[in-house]
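A.B. asks: below are the sequence and a predicted model; questions follow.
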Amino acid sequence: MTIRALSLPPTDAEIDAWTAVLAAARAVDLPTAPPPARTEVAGRLSVTPARGRAALWAADGGAGVAALLLFTDEANAHTAFLDVLAVRPDARRRGLGRALWEQVRAELLAQGRTSVLTLVDLGGPGERFAQALGFENVLPMAWYEQDVTRQPQAAAGSPAPVAPGYELHAWHGLVPDDWAGPLATAHGAMEDAPMGDIDEKIETWTPQRLHAAHQLILDRGGEITTVAAVTGAGEVAAYTELVLPDPAGPRALQYDTVVAPAHRGHGLGRAVKLHMLDLARDRYPGLRLIATTVADENTAMRAVNERLGYRPARPAAYYQLSL
C-alpha cells in the first residue's frame, strides 16, 4: 500500500477521489446522513484557514484519506486538528487506517506538536479507532438537527419577537465594518462556553479575525448569514450564525449562538435563532435540515434548541491525544 502527500491545492481528480472515499464511508457509518457535497469538500481541501497550514495524504487507489490542520498562530503552535481520517469500507481491516495515522503522527512530531484534537461520532468505528490510538474524550457533545419543513413560519413581513430595548439586524456575507467591532466583542462571550480539556487556546476576537473567519466560508464556496440582537447604544447583545457549506444543498450548519452575559435572561438566543430560521427559509427554498453541535454540559443552549425544534441526532465528542 502506498500513501502519498497531495498537492496543495489538490487537483480536480484528487478532490473527486477524496469525495468518493468520504461518501463511501458515510454511507456505511452514518447511513441516515446526507452524502458529502463536492463543493464543501473542494472548499475545505483547497482553502486553508489563515491561522493554519494543511497537510493532506491519500492512499493509492482511492482507498483512504487523511487531512491535518497545523495551527500557525503562536498561541496554538503546540497543537493541531485532525480534520479527516477515513478509509473506504471495502478497504478496512488491512492496516490502512493505521498507516495513514502514522503519516499524520510523523508530521505532528516533525512540527513539534504535543497534542492533536479531532471530532468523533460516538458508537462507531471512528470512536473505536481513536481509542485504540490512545485518544481520550475531552468534551462530550451531540449533534442536533432541526427539520426546517416541520417548523412554523412567521407571517410575511413579521419579524421574530424580541425583548424591548433590542432590535434584530441581519447580514448576509461579510458583516459591515461598522458592526464588525461590536460583533467581535460579542464573540468574546464564547470564552465561558464549555471547552473541556481541549488544548487549543481561544484567540482574542478582533474585527479583522471576524472578517477573516467569514471570508474563509465564502472563499470555500459557502454562504453565511449573521443575525444579531443589538441595543440602541450600538452593542451586539446576542448573535447567531448560519452557514451553508454548499448553498445548493439541503443542509445548513448552525454555527455559534452567543448571548453576552449582561443581556441573558431576555430570550435573545431564541429570538435571533427564530429570525434566522425565517430568513433562511426565504433565501434557500431547498433547505431541509439545520444541524448543530452542543456540549453536553451546555444545558442552557440545549434547552433553547429543544424549544426551537432541534432533536438529538447522534452523540459525538472531541477526542484528544497527547504526543
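C.D. replies: Looks like it arrived, so ask away.

A.B. asks: helix or strand for R302, which one?
C.D. replies: R302 belongs to helix 299-307 when elements are defined using DSSP states H and E.

A.B. asks: other residues contacting that helix?
C.D. replies: Outside of helix 299-307, the residues within contact range by Cβ atoms under 8 Å, 6 or more residues apart in numbering are Y144, Q146, T257, G269, R270, K273, T292, V294. No exception for glycine: its C-beta is placed from N, CA and C like everyone else's.

A.B. asks: kindly reformat these as JSON lines containing pLDDT and secondary structure.
C.D. replies: Putting the contacts of helix 299-307 into JSON lines (pLDDT from 0 to 100; DSSP: H, G, I helix; E, B strand; the rest coil) gives the following:
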{"residue": "Y144", "pLDDT": "96", "secondary structure": "strand"}
{"residue": "Q146", "pLDDT": "94", "secondary structure": "strand"}
{"residue": "T257", "pLDDT": "91", "secondary structure": "strand"}
{"residue": "G269", "pLDDT": "91", "secondary structure": "helix"}
{"residue": "R270", "pLDDT": "91", "secondary structure": "helix"}
{"residue": "K273", "pLDDT": "93", "secondary structure": "helix"}
{"residue": "T292", "pLDDT": "95", "secondary structure": "strand"}
{"residue": "V294", "pLDDT": "94", "secondary structure": "strand"}
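
A.B. asks: need those in a markdown table with neighbour count and distance to P245, can you?
C.D. replies: Converted to a markdown table, these look like this (neighbours: other Cβ atoms under 10 Å; distance: Cβ to Cβ, whole Å):
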| residue | neighbour count | distance to P245 |
| --- | --- | --- |
| Y144 | 22 | 17 |
| Q146 | 22 | 17 |
| T257 | 23 | 18 |
| G269 | 24 | 23 |
| R270 | 21 | 25 |
| K273 | 25 | 19 |
| T292 | 23 | 13 |
| V294 | 22 | 19 |
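
A.B. asks: and the next helix or strand after the helix holding R302, what does it pack onto?
C.D. replies: Using DSSP H and E, the helix or strand that follows helix 299-307 in sequence is strand 311-322. The contact analysis (3 or more Cβ pairs under 8 Å, 6 or more residues apart in numbering; DSSP states H and E) places strand 311-322 against strand 115-121, helix 125-133, strand 136-147.

A.B. asks: rerun at 7 Å
C.D. replies: Packed against strand 311-322, as judged by 3 or more Cβ pairs under 7 Å, 6 or more residues apart in numbering; DSSP states H and E, are the following elements: strand 115-121, strand 136-147.

A.B. asks: which of the residues in the helix holding R302 are buried?
C.D. replies: M301, R302, V304, N305 (16 or more other Cβ atoms under 10 Å).

A.B. asks: quick check: the farthest pair among the residues you listed?
C.D. replies: R302 and V304 (7.4 Å; Cβ to Cβ).

A.B. asks: what angle separates the one helix or strand L70 maps to from strand 115-121?
C.D. replies: According to DSSP H and E, L70 maps onto strand 64-71. With axes from the mean of the first three to the mean of the last three Cα atoms, to 10 degrees as the basis, strand 64-71 and strand 115-121 are set at 130 degrees to each other.
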